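Novice: Coordinates for the following, if possible.
(one chain, ligands or ions: 1)
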Amino acid sequence: MKEQLEQLRAKAFSALEEASDLKALDELRVQFLGKKGEVSAILKQMGKLSAEERPVIGALANELRTDIENHIKQRVEQLKEEALQASLEAETIDVTMPGKPVMRGHSHPLTKVLNEVTEIFLGLGFDSVSGPEVEYDYYNFEALNIPKDHPARDTQDTFYITDNVLLRTQTSPVQIRTMEKVKPPIRIISPGRVYRSDAVDATHSPLFHQIEGLVVDKDVSMAELKGTLELFIKRLYGEDSVVRFRPHHFPFTEPSAEMDIQCFACKGEGCRLCKGEGWIEILGCGMVHPKVLENCGIDPEEYTGLAFGLGLERIVMRRYNIDDMRHLYENDQRFLSQF
Ligand code: DAH
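Specialist: Numbers count the residues shown, from 1 in each chain. Predicted coordinates:
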């Protein structure tokens, strides 16, 4: 029986050495030390022994039980330690690996140029104000001297929300809102989104941006209008820029004009960029119509005003030689990262 115990010891220890995970160790614990385990099986035969042998074998069996138990504990510790080492190794951070580049954002070209334009006008003493994009017919048309049946309405394909609420087609309504609120002297620009029901192509979009300008004071003159706009263009496009004013018609100004800039590419000769014209139209402007001043409770006998409105997209496209407006809205990184 002593021999059996020795054999069992050898068997148990080699099995424990081979066990490669905690589950296997647990199974071995049951196999050797459980109620129906192999050590118990030997102890069950104790009845056959003599009274002298019994305590000796009993002591040996208990010793074996304790030894197996201790060895299991040891192996559990060992396996846990190995698992820890393995996971530490697997999770090592290699600080010499190259990092993932973090892309740095920057302003959209429309924002960049708008900031420049705003800077120039702030430098000339203008404030920058904003107005609502969902606007009343009154502010977008009526108060600007464009009554219901006026043909100018046809040129601005309007998104109507109700009979008298619409998406503004121009930033000019901010002129009215400003003059209703503040007394002259007034000197503001108002950049923002405007909407027209146009199909998308290289030069049209149902959503685009305008910058409105308005000056109202005593003795504001056409000369000041021309001087201000010429100075603005020289700051924006360079001192050697050449501009000209052409008579035009807007219902809210009298007289009205359009300002052209001489084509940078051909210096007025006529080329593909300017479609053979030599000049490129850049904005509309004029002296605020007396009726418009009156509509806002400003006495046209006492005050005069100048106003202008320019398309931001057009200026950005000229600035960077972009030939298709759609690039500005498609958020293509290959395009945007060039600015
Ligand atoms: N609102 C005009 C448009 O959308 C642009 C414009 C022209 C604005 C002349 C003005 C102005 O303030 O005086 O076509």
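Novice: Please identify which residue in this structure comes closest to the ligand.
Specialist: Gly309 (2.4 Å; Cβ to the nearest ligand atom). Placement of C-beta: from N, CA and C, glycine included.
Novice: and that residue, that's in a helix?
Specialist: No: counting by DSSP: H, G, I helix; E, B strand; the rest coil, one finds Gly309 to be strand, located in no helix.
Novice: tell me the pLDDT at it?
Specialist: Gly309 carries a pLDDT value of 98.
Novice: what separates it from Glu281, distance-wise?
Specialist: 12 Å (Cβ to Cβ, to the nearest Å).
Novice: Check Ala19 too.
Specialist: 88 Å.
Novice: So between these two, which is more surrounded?
Specialist: Using other Cβ atoms under 10 Å as the criterion, Ala19 and Glu281 rank with Ala19 on top: 18 against 15.
Novice: pretty sure the more buried one is touching Leu25, no?
Specialist: Yes: at 4.9 Å, Ala19 counts as touching Leu25 under the criterion of Cβ atoms under 8 Å.
Novice: what does this protein put close to the ligand?
Specialist: Taking Cβ under 6 Å from any ligand atom as the contact definition, the chain meets the ligand at 170, 172, 212, 250, 253, 284-286, 307-309.
Novice: so when I look at Leu306, I'm seeing a helix, right?
Specialist: No: looking at Leu306 with three-state DSSP, it is strand, so not inside a helix.
Novice: what about it, how many residues close to it?
Specialist: If we define neighbours as other Cβ under 10 Å, then Leu306 has 24 of them.
Novice: Quick one, grab the pLDDT at it.
Specialist: Confidence score, pLDDT, at Leu306: 98.
Novice: Likewise for Arg334?
Specialist: 92.
Novice: do the same with Met325
Specialist: Met325 is given a pLDDT of 91.
Novice: With Lys112 instead?
Specialist: 96.
Novice: Same question for Arg314.
Specialist: So Arg314 comes in at 90 (pLDDT).
Novice: Identify each of the strands in this protein and give its residue range.
Specialist: Assignment of strands within the chain using DSSP state E yields the ranges 127-128, 134-136, 165-167, 186-195, 207-217, 243-248, 253-262, 279-288, 304-311.
Novice: Tell me, please, where in the stretch 1-150 of the chain the pLDDT is lower than the cut-off.
Specialist: Along the stretch 1-150 of the chain, no part satisfies pLDDT under 70.
Novice: got the buried residues for stretch 161-168?
Specialist: The neighbour-count check on stretch 161-168 (16 or more other Cβ atoms under 10 Å) flags 166-168 as buried.
Novice: Also stretch 238-257?
Specialist: Those would be 241-243, 245, 250-253, 256-257, for stretch 238-257 by 16+ other Cβ under 10 Å.
Novice: Ranking by neighbours, what's the top pick from the residues of the chain next to the ligand?
Specialist: Counting by other Cβ under 10 Å, top hit in the residues of the chain next to the ligand: Ser172 with 28 neighbours.
Novice: so what's that residue up against?
Specialist: Residues counted as contacts of Ser172 (Cβ atoms under 8 Å, 6 or more residues apart in numbering) are 140, 144, 212, 252, 307, 309.
Novice: Also Leu28?
Specialist: 12, 15-16, 19, 72 are the contacts of Leu28 under Cβ under 8 Å, 6+ apart.
Novice: So for Ala19 and Leu25, which residues contact both of them?
Specialist: Arg75.
Novice: Tell me how many other residues crowd Pro206.
Specialist: The burial count for Pro206: 14, using other Cβ under 10 Å.
Novice: if I read this right, it contacts Val194, doesn't it?
Specialist: No: Pro206 lies out of contact with Val194 (Cβ under 8 Å); the separation is 9.8 Å.
Novice: And the strands of the chain: which comes nearest Glu6?
Specialist: strand 207-217 (92.2 Å; Cβ to Cβ).
Novice: Give me the mean pLDDT for that closest one.
Specialist: 98.
Novice: Alpha carbons of it, in CSV - could you do that?
Specialist: What follows is strand 207-217, C-alpha atoms only, in CSV (Å, rounded to 0.1, in the frame of the first residue of the first chain):
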residue,chain,number,x,y,z
LEU,A,207,-27.2,78.8,-51.8
PHE,A,208,-24.4,81.4,-52.1
HIS,A,209,-23.0,84.3,-50.1
GLN,A,210,-23.2,88.0,-50.4
ILE,A,211,-21.7,90.9,-48.6
GLU,A,212,-23.9,94.0,-48.3
GLY,A,213,-22.5,97.4,-47.5
LEU,A,214,-24.3,100.5,-46.4
VAL,A,215,-23.2,104.0,-45.4
VAL,A,216,-25.8,106.6,-44.4
ASP,A,217,-24.7,110.0,-43.1
